[in-house]
Structure formats: structure tokens, C-alpha cells
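Q: have a look; sequence and predicted model below, questions after that.
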Amino acid sequence: MNATEGTQWLARTQRSAPRVLAAWNRPPYLASLKTGRGWDALLVPQRLGLTVLHELRELGAPVEQIPVLEERSPPRPNFYILTKPGVSITADHELDVRLLGAGSVLKAPAPDSAIQRVTRQEHHYLWRHRPDGCGTLADPRSLTTALELALDTNRQEARHARARRQMFASLHRGADQ
């Protein structure tokens, strides 16, 4: 499967695929997609989202196949991780974490749009992982677990300490050569 098939798949999840396709072909090259029609989206700040994706990978999820939309707008960027409906997450407004389920709308560019044709004046969205047409989505249970693990401060401190040790070890190996 490819990005063009991902575009067709995503458009078909909406009531009017032709309306979605038309929106993707005119400025600002965004379509308003209703969540809850085959998929929901977990909204998380980018930094937390990177950790959630890492935890999903650790849980054995096919992370590169799970659609992730990135919104690069100030004051801080966000990720929208597309998931099967059924995620049981309580919104945390302090952390800017919430689930976009039935009744929510997500603005998104076409998965096969070339980033070069869209300027920052038009919008700040891009696909970090594009839908590929297979309909692969994050598993709700795995996504919930990954979010819980990502929010576990002790686990994150241990990961950061391990990363620092690895970085310093590689720096020392480079200096010894």
C-alpha cells in the first residue's frame, strides 16, 4: 500500500469522500475529518507523543504503520495518534491530553500531499506516519498502556539516565580512538 491509497482510505472514512478530496486540492489543503467514523485520535503534546510512540514500539505495535498527524503550531506542537475507537482515556487538560472521539473534528492534509506545495502560511500540519491504505490503527488497549507508561515519571527518569549513559559511553569510545 502507499500514500495515495492512504488518502483514499482516509477520505472513505468520512460521509462525503468527494468533499474531503476536494478540500485537499485547494488552499489551505486541509479537510475537516470527523472522528468516531472508523477511527478516533489521541491528542498529545509532541514530546509526550514521542514517548508514547516509543512505548507502543516496546509493546510490539507496528508504530510506523500507525497514522500520526503532527501539528507544528506555536506555542507547542501536538501529535494526533489515530486509533481504533474504544480508547478509555480521561482528558488531562493540565497535560493537554485528550481523546477526539465521536463528534470531534480533526483538520488534516491529504496523506499523499507533497509538503513542498504547502507553505507555513497555509497550515502547520504534516503526517509523521501517513495512513497507508490498510487501515492500520493503534490498538486502544496498547495505546492506553503506552500512555500510562509514558506518564510514569520513574520509568522516564530511568530511560533518560540510560540514554545519558549510552551517550557518554559513545563519546568516550570516540575520544579513545
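A: Sure thing, it's come through.
Q: now do the same contact list for residue 62.
A: Under the criterion of C-beta atoms under 8 Å, 6 or more residues apart in numbering, the neighbours of residue 62 are residue 136. Just so you know, the C-beta spots here come from the backbone N, C-alpha and C atoms, and that holds for glycine as well.
Q: so, low pLDDT: which residues of the protein?
A: 1-3, 91, 93, 114-122, 174-177 (pLDDT under 70).
Q: tell me the centre residue of it?
A: residue 68 (2.5 Å; C-alpha atoms, centre = their mean).
Q: who does it bridge with?
A: For residue 68, the beta-bridge partners are residue 81, residue 129 (DSSP bridges).
Q: same question for residue 41.
A: residue 82, residue 100.
Q: how many residues are close by it?
A: By the criterion of other C-beta atoms under 10 Å, residue 41 has 26 neighbours.
Q: got the contact list for it?
A: With C-beta under 8 Å, 6+ apart, residue 41 has these contacts: 35, 69, 80-83, 99-100, 104, 106.
Q: and if you look at residue 150?
A: 48, 51-52, 54-55, 156.
Q: top of those residues by number of neighbours, please.
A: Neighbour counts for the contacts of residue 150 (other C-beta under 10 Å) peak at residue 52, which has 26 neighbours.
Q: how about the contacts made by that one?
A: 42, 44, 79, 81, 143, 146-147, 150.
Q: longest helix in the protein, please.
A: In the chain, with assignment by DSSP state H, the single longest helix is helix 153-176.
Q: what residues does it touch?
A: By C-beta under 8 Å, 6+ apart, the residues outside helix 153-176 that reach it are 51, 149-150.
Q: follow-up on the earlier one: tell me the most packed of the contacts of residue 52, by neighbour count.
A: Counting by other C-beta under 10 Å, top hit in the contacts of residue 52: residue 143 with 28 neighbours.
Q: that residue against residue 86, yeah?
A: No. Counting by C-beta atoms under 8 Å, residue 143 sits too far from residue 86 to count as a contact (9.6 Å).
Q: still on that earlier bit, buried ones among the contacts of residue 41?
A: 35, 69, 80-83, 99-100, 106 (16 or more other C-beta atoms under 10 Å).
Q: which of the residues you listed sits closest to residue 123?
A: residue 69 (11.2 Å; C-beta to C-beta).
Q: hmm, residue 67 and residue 131 touching each other?
A: Yes. At 4.3 Å, residue 131 counts as touching residue 67 under the criterion of C-beta under 8 Å.
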